[in-house]
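Student: Here is a sequence with its predicted model. Questions after.
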Amino acid sequence: QVQLVESGGGSVQSGGSLRLSCAASTDTVSSYCMGWFRQAPGKEREGVAVVDSFGRTSYADSVKGRFTISQDNGKHTLHLQMNSLKSEDTAMYYCAAPMCSLSAIDPLYWGQGTQVTVSS
């Protein structure tokens, strides 16, 4: 059983930054593809970013150039650095595993989510 716990969400103004973290209960970060997906009220889940065990990354077009996914294998932690935030980034953000592609938004494991709210 893998447990994932997200943190780092909050409320920021447009153009601001947040850094999300996901702590895994096991050595999930180095063993699985992992990623982040988000869901806003009334909208479908959207894959945001993924990273594989080799460190290769992929991003949704809507966040490319603004978000960076990274992993700290030694600490079993996944991060999502979010810069130049926009109001349309407002959503609940979830860490997920395994998540090997942006379309894999029904993963076996995901956390409780962390809310990101961007005001214009």
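Tutor: Arrived safely, thanks for sending. On a predicted model such as this, the values are computed, not experimentally measured, just so you know.

Student: now the strands: where do they sit in the protein?
Tutor: Taking DSSP state E, the strands of the chain run over residues 4-7, 10-13, 18-24, 34-39, 46-51, 57-59, 67-72, 77-82, 91-97, 109-110, 114-119.

Student: Which one of these lies nearest to residue 103?
Tutor: strand 46-51 (6.1 Å; Cβ to Cβ). All C-beta spots, glycine's among them, are computed from the backbone N, C-alpha and C.

Student: And the contacts of that closest one?
Tutor: With Cβ atoms under 8 Å, 6 or more residues apart in numbering as the test, strand 46-51 has contacts from 33-39, 57-60, 62-63, 67-71, 78, 80, 91, 93, 99-105.

Student: Swap in 7 Å and give it another go.
Tutor: With Cβ atoms under 7 Å, 6 or more residues apart in numbering as the test, strand 46-51 has contacts from 33-38, 57-60, 63, 67, 69, 71, 80, 99-105.

Student: In contact with the closest residue to residue 33 other than its chain neighbours, which residues are there?
Tutor: The shortest distance from residue 33 to any non-neighbouring residue, by Cβ to Cβ, 6 or more residues apart in numbering, is to residue 100 (3.6 Å). Applying Cβ under 7 Å, 6+ apart, we find residue 100 in contact with 33, 50, 52.

Student: Any idea what the residue nearest the centre of the chain is bridged to?
Tutor: Nearest to the geometric centre of the chain sits residue 36, at 2.7 Å (Cα atoms, centre = their mean). Under DSSP bridges, the beta-bridge partners of residue 36 are residue 49, residue 95.

Student: try residue 5
Tutor: Legend: beta-bridge partners of residue 5 under DSSP bridges are residue 23.

Student: Surely it is in contact with residue 111?
Tutor: Yes. Look at residue 5 against residue 111 with Cβ atoms under 7 Å: they come within range, at 5.5 Å.

Student: got any residues that touch both of the two?
Tutor: Joint contacts of residue 5 and residue 111 (Cβ under 7 Å, 6+ apart) are residue 22.

Student: Comparing those two, which shows the higher neighbour count?
Tutor: residue 111 (20 against 14; other Cβ atoms under 10 Å).
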